[in-house]
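Could you work out the structure for the sequence below:
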Amino acid sequence: MVTLIVTDPLTGIAMGGMDPVSYFTEPEPLRGRSDYEYTWQNVPWYFATAANRDIFATAPDVYAPQFGGHDVTGVSRGFISDSDASIFTVFKQRLYLFYSAANREAFLLSPDAAARTAEEKWPDLAKNLSIR
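Below you'll find the model as predicted:
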């Protein structure tokens, strides 16, 4: 089953347990901890610190990866694929995850156009995804 938010198939945790806020605040993203868990959109998210959890809780749409964490390059091409939380970019203060380094490189060739196209295609793609 393909879900609206990409989760670890074994644990059900978003982003494989990575702290989404840390992508914006640290040189390298941090692994979250179960004692700093927050549930958003029926999915548990882990954070490295209580402060990061609280920041996320006030503005999850800002810190959560775009397109539920699905590969933005795939979305821009009209299909859904999972992503790897270690392959990412922050572009215009938004977090984008990718399935592969090649997809990240393709996105970075023309990020404005790719992000815009993905935004246009996402509503139709998302309506067929399971909430959880």
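
Going by C-alpha atoms from here, please, whenever you check contacts or count neighbours.
OK.

Show the average pLDDT along the biggest helix by length in the chain.
Ranked by residue count under DSSP state H, the longest helix found in the chain is helix 111-126. Averaged across helix 111-126, the pLDDT comes to 96.

give the contact list for whatever residue is furthest in space from the centre of the chain.
Residue distances from the centre of the chain (C-alpha atoms, centre = their mean) peak at D35, which lies 20.7 Å from the mean C-alpha position. Contacts for D35 (C-alpha atoms under 8 Å, 6 or more residues apart in numbering) come out as Y46.

Now the host helix or strand of it: average pLDDT?
Secondary structure from DSSP states H and E places D35 in strand 33-40. The average pLDDT within strand 33-40 is 97.

tilt between the next helix or strand after that strand and strand 33-40?
Tracing the chain past strand 33-40, the next element assigned as helix or strand by DSSP H and E is strand 43-47. Orientation of strand 43-47 against strand 33-40 (axes from the mean of the first three to the mean of the last three C-alpha atoms, to 10 degrees) gives an angle of 140 degrees.

Direction included, what does strand 43-47 pair up with?
strand 33-40 (antiparallel) (DSSP bridges).

Can I get the partner strand in PDB, CA atoms only?
Coordinates of the C-alpha atoms in strand 33-40 are reproduced here as PDB (Å, rounded to 0.1, in the frame of the first residue of the first chain):
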ATOM      1  CA  ARG A  33      14.500   9.500  19.300                       C
ATOM      2  CA  SER A  34      11.300   7.700  20.300                       C
ATOM      3  CA  ASP A  35      11.100   9.800  23.500                       C
ATOM      4  CA  TYR A  36      10.700  12.900  21.400                       C
ATOM      5  CA  GLU A  37       7.800  11.600  19.300                       C
ATOM      6  CA  TYR A  38       5.000  13.700  17.800                       C
ATOM      7  CA  THR A  39       2.100  12.300  15.800                       C
ATOM      8  CA  TRP A  40       1.000  14.400  12.800                       C
END
